[in-house]
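A.B. asks: Compute the structure for the input listed below.
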Amino acid sequence: MSNIDLQEQEQLDALKAWWKDNSKWIITVLAVAIVGYAVMAYWKSYQGKQAAEAATLYSEVLKQVASNDPKRINDSVAVLVSKYRGTAYASRAQLLAVQANVQAKDFTQAKSQLEWVIAHASENALQDTARLKLSSILLDEKKFDEALKLLDATHPEAFVGLYSDLKGDVLAAQGKTEDARAAYKLALDKMDSKSSYRNLIQLKLDGLGTASQGGAK
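C.D. replies: Residues are numbered from 1 along each chain as shown. Presented below is the predicted three-dimensional model:
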């Protein structure tokens, strides 16, 4: 019996010694873990609150879009972007405002908003969409080199058809018939076979004439 008591005492003494040597480290690790959990919980709560508030402002943007009043649309978008620029709603709101500004012929404002989306959007699809729209505006302004630079940016397969079609428009406007023809053919190849948009691309391609005619020009 005494041997058992002695063995237990030795184990207890060893445990006390181990605790004495490691207690500070264990308490520190636990404290860090607790603080980390608290910070994570707070951040998730904060993000949820931010998203909810941003969603509310985005609904206001949609309301103003329905009004077709560019000033009211831009004002509502500006409020959303200033407060919640890091949310996905900010980039989407900017793209909605672009359409209103283009219709109002305010291309300076539209380009500024598109450039913001390209620089700040967290979703590649939104950036790709903004590049496409900005290239279209630059084409209308005859800023061909700037438009081509945007169209040459890396983009996913899903955008190849649209990018190639617009690239064909830019090249055709520059008088580069053969390059335009190649771009339109690529657009046709990449465009969904069921898309009615293919008809427009084919019309533009046909408008360039045959390769021999292009060379004669």
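
A.B. asks: quick check: domain ranges of this structure?
C.D. replies: 23-122, 124-217 (automatic domain parsing).

A.B. asks: Make CSV out of the ones you listed and add mean pLDDT and mean neighbour count.
C.D. replies: The C-beta positions use only the backbone N, C-alpha and C, and glycine is treated the same way. Below are these laid out as CSV (pLDDT from 0 to 100; neighbours: other Cβ atoms under 10 Å):
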stretch, mean pLDDT, mean neighbour count
domain 23-122, 80, 16
domain 124-217, 90, 16
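
A.B. asks: Lys185 and Leu205 touch, don't they?
C.D. replies: Yes: using Cβ atoms under 8 Å, Lys185 is in contact with Leu205, at 6.8 Å.

A.B. asks: I figured Arg85 was touching His120, is that so?
C.D. replies: Yes: the pair Arg85 / His120 is scored as a contact, 6.7 Å apart, by Cβ under 8 Å.

A.B. asks: What segments of the chain are helices?
C.D. replies: 2-67, 70-84, 88-103, 107-120, 124-140, 144-151, 160-173, 177-190, 197-207, 211-216 (DSSP state H).

A.B. asks: from the chain's centre, how far out does the fourth one sit?
C.D. replies: Think helix 107-120. Chain-centre distance of helix 107-120: 13 Å, with Cα atoms, centre = their mean, to the nearest Å.

A.B. asks: elements contacting it?
C.D. replies: Helix 107-120 makes packing contacts with helix 70-84, helix 88-103, helix 124-140 when contacts are defined by 3 or more Cβ pairs under 8 Å, 6 or more residues apart in numbering; DSSP states H and E.

A.B. asks: Could you rerun that using 7 Å?
C.D. replies: Packing partners of helix 107-120 (3 or more Cβ pairs under 7 Å, 6 or more residues apart in numbering; DSSP states H and E): helix 88-103, helix 124-140.

A.B. asks: could the ones you listed be laid out in JSON lines, adding distance to Glu53?
C.D. replies: Listed next are the helices and strands packed on helix 107-120 as JSON lines, based on distance: least, Cβ to Cβ, whole Å:
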{"stretch": "helix 88-103", "distance to Glu53": "10"}
{"stretch": "helix 124-140", "distance to Glu53": "20"}
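
A.B. asks: Which of the ones you listed sits closest to Lys167?
C.D. replies: helix 124-140 (8.2 Å; Cβ to Cβ).

A.B. asks: No more questions from me, cheers.
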